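1. Build me a model from this:
(4 chains)
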There are 2 protein chains.
Amino acid sequence: MNISEAARHSGLSAKTIRYYEDIDLVAPATRGANGYRQYDAKAVEELHFLARAREVGFDLTECRQLLELQRDHSRQSRHARQLVLQKSEQLQSRIEQLLAMQQVLQAMAQRCRGDEGPECAILEDLSGPSEAEGKP
Amino acid sequence: MNISEAARHSGLSAKTIRYYEDIDLVAPATRGANGYRQYDAKAVEELHFLARAREVGFDLTECRQLLELQRDHSRQSRHARQLVLQKSEQLQSRIEQLLAMQQVLQAMAQRCRGDEGPECAILEDLSGPSEAEGKP
DNA sequence: CTTGACCTTACAGCCACTGGAAGGTTTACA
DNA sequence: TGTAAACCTTCCAGTGGCTGTAAGGTCAAG
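-> Below you'll find the model as predicted:
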């Protein structure tokens, strides 16, 4: 199987697969007589594994750890679980941060007339003092 | 006012202020006899404006547009409002994406025993078929 | 007069790719 | 057999928004 078919099956792009090989995230693919990379089912599975790990938010360092766990027959499932829970907490923080940002945006939009005139609560809000600076 | 004081007042780092000048996001600061950048209240306000815009999620291209609007006395507030609403929608999409990722992680963690043994629902989930591939 | 805290520029690195150039190979079809 | 399209290869550069570091100049306090 050539790289583009492996890409289709794994959910990664051919570029990304080469990149993962480059940074030693996956072992170098075997090569055909023409120098083309060749992938068997096992290699594609590993690529698919990486695609799914990336999809749920793991960075490449974490993907490396997950891959190590997957390869390790004497692993302890608590290690995988810890990575997952830690990532979930990270996502939680990020979500809360984005929600807070969105609330500020919504509040701004509500106070702005949004018409043809120059008066603009949004630009005033951005220019003005921080909302952290409360009046005592 | 030197750059580090401007940094303290604006909420940006000195590095970031130099960078913003570098990419022409803000006008070059005036220089003292020693070559040091000098900032007056107006310049600091603009930097503060940028810090706040970044905080609520605008990228530098959008910051540029917001800054243009702020400078433009014949602006129309609907333009600012549109930028804000658009950004809010982008944040909404991103939040939903992160929530979906987090749900997958939570489901994985729940199915995993997380003990000393090698059996691991998480690694199985990552190895197995996509959840998009349902059984008919 | 030294110490330490500033300031300057310039360049490298981060993350996780993506795009493009320049060239080799394979496949389908006339 | 020719050729065009669709593959494949490597290598280098660019993305965004900074941050780190090096090598040097300046300034205020003691």
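2. From now on I want contacts and neighbour counts done on CA atoms only, so please keep to that.
-> Will do.
3. Poorly predicted segments of chain A, please.
-> Where chain A drops to pLDDT under 70, the residues are A:129-136.
4. Need the nearest residue in space to the spatially most central residue of it, chain neighbours excluded.
-> The centre of chain A sits closest to A:G57, judged by C-alpha atoms, centre = their mean, with a distance of 4.0 Å. Leaving aside its sequence neighbours, A:G57 sits nearest to B:M101 (C-alpha to C-alpha, 6 or more residues apart in numbering or on different chains; 6.8 Å).
5. didn't that neighbour look like it was pressed against A:A53?
-> No: here B:M101 does not reach A:A53: they are 10.1 Å apart, not a contact under C-alpha atoms under 8 Å.
6. what about these two, which has more around it?
-> A:A53 (24 against 18; other C-alpha atoms under 10 Å in any protein chain shown).
7. all helices of chain A, in order?
-> Remark: helices assigned in chain A by DSSP state H are A:3-10, A:14-22, A:41-55, A:60-71, A:77-111, A:121-127.
8. What residues does the residue nearest to the centre of chain A make contact with?
-> Residues in contact with A:G57 (C-alpha atoms under 8 Å, 6 or more residues apart in numbering or on different chains) are A:K87, A:L91, B:M101.
9. which parts of chain A sit against DNA strand D?
-> Contact residues, chain A versus DNA strand D (C-alpha under 7 Å from any atom of the strand): A:N2, A:I3, A:S4, A:E5, A:A14, A:R18, A:G35, A:Y36, A:R37.
10. Can you tell me which of those residues has the most neighbours?
-> Of all those, A:I3 has the most neighbours under the rule other C-alpha under 10 Å, reaching 19 neighbours.
11. neighbours of A:D22, just the number please.
-> Using other C-alpha under 10 Å: A:D22 sits among 12 other residues.
12. wait, what's in contact with it?
-> Per C-alpha under 8 Å, 6+ apart, neighbours of A:D22: none.
13. how close does it sit to DNA strand C?
-> Distance from A:D22 to DNA strand C, counting by C-alpha to the nearest atom of the strand, to the nearest Å: 9 Å.
14. How about A:L105?
-> Distance from A:L105 to DNA strand C, counting by C-alpha to the nearest atom of the strand: 26 Å.
15. There's contact between that residue and B:S88 in this structure, I believe.
-> Yes: contact criterion C-alpha under 8 Å: A:L105 and B:S88 qualify, at 6.3 Å.
16. Tell me if stretch A:40-50 is near DNA strand C.
-> No: in terms of C-alpha under 7 Å from any atom of the strand, no part of stretch A:40-50 sits within range of DNA strand C; the closest distance is 8.3 Å.
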